[in-house]
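Enquirer: take a look and give me a structure for this.
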Amino acid sequence: MIVNGVKEMKILIIHAEKMWWKVTKPVRISLKDEIKSKNKENGGENILVAFTCVEREDEDRLKEKVSRATDDLVDVAGRVKVDEIILYPYAHLSDHLSKASSALRALKLLEKRLEEKGIRVKRAPFGYYKEFMLHCKGHPLSESLRVI
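Expert: Residues are numbered from 1 along each chain as shown. Take a look at the predicted model:
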């Protein structure tokens, strides 16, 4: 998405009855999360899922973008009364992706900031293809897009 001529970080937020993922194989990039038992396959119930995409233009302002994303996610979590978020890297929201190192740094910082705000976080691993199932709740706040 282009806002005032600038591409921006995007987060597709889904309030899910249930979400589950399982790593299938690595993406052909050099930088990846380490696969551990807790992130190879995981999920949750009554949870916010934040499909997150960091763009090239976000790289110089990552801390600012993460701060705004944290505020937005905490706000939505409060509105739908959940205390857990799945951060799911989702490059498919843009064709102007940041470097892998910037995207992974942003995801880790977002995870840390959300936890500091009292939100439990599960982060799907970066750098892998994953199969997933998602059951969206279907109420007026259950689907939203944030352009940060």
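Enquirer: name the residues of stretch 82-97 that are buried.
Expert: For stretch 82-97, the neighbour count (16 or more other CB atoms under 10 Å) marks 82, 85-91, 93-94, 97 as buried. Yep, even glycine has a C-beta here, placed from its N, CA and C like the rest.
Enquirer: so which of those are in strands?
Expert: Within those, residues falling in strands by DSSP state E are 85-89.
Enquirer: now the top strand by length along the chain and strand 84-89, what's the angle there?
Expert: Taking DSSP E as the criterion, the chain has its longest strand at strand 10-26. Between strand 10-26 and strand 84-89, the angle comes out at 70 degrees (axes from the mean of the first three to the mean of the last three CA atoms, to 10 degrees).
Enquirer: closest one to Lys122 out of the buried residues of stretch 82-97, please.
Expert: Ile86 (4.9 Å; CB to CB).
Enquirer: how near is that closest one to Leu109?
Expert: 16 Å (CB to CB, to the nearest Å).
Enquirer: which residues in this protein form strands?
Expert: Applying DSSP E to the chain gives strands spanning 2-3, 6-7, 10-26, 41-53, 84-89, 120-123, 128-136, 143-147.
Enquirer: using TSV, lay out those together with mean pLDDT.
Expert: Listed next are the strands of the chain as TSV, based on pLDDT from 0 to 100:
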stretch	mean pLDDT
strand 2-3	49
strand 6-7	60
strand 10-26	98
strand 41-53	98
strand 84-89	98
strand 120-123	98
strand 128-136	98
strand 143-147	96
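Enquirer: quick one: residues contacting Leu141.
Expert: Contacts here follow CB atoms under 8 Å, 6 or more residues apart in numbering; on that basis Leu141 touches 15, 76, 79-80.
Enquirer: brain fart, Leu62
Expert: Leu62 touches 54, 102, 105-106, 109, counting by CB under 8 Å, 6+ apart.
Enquirer: and the pLDDT at it?
Expert: What the model reports as pLDDT for Leu62 is 95.
Enquirer: most neighbours of all the contacts of Leu62, which one?
Expert: In terms of neighbours by other CB atoms under 10 Å, these top out with Val54 at 32 neighbours.
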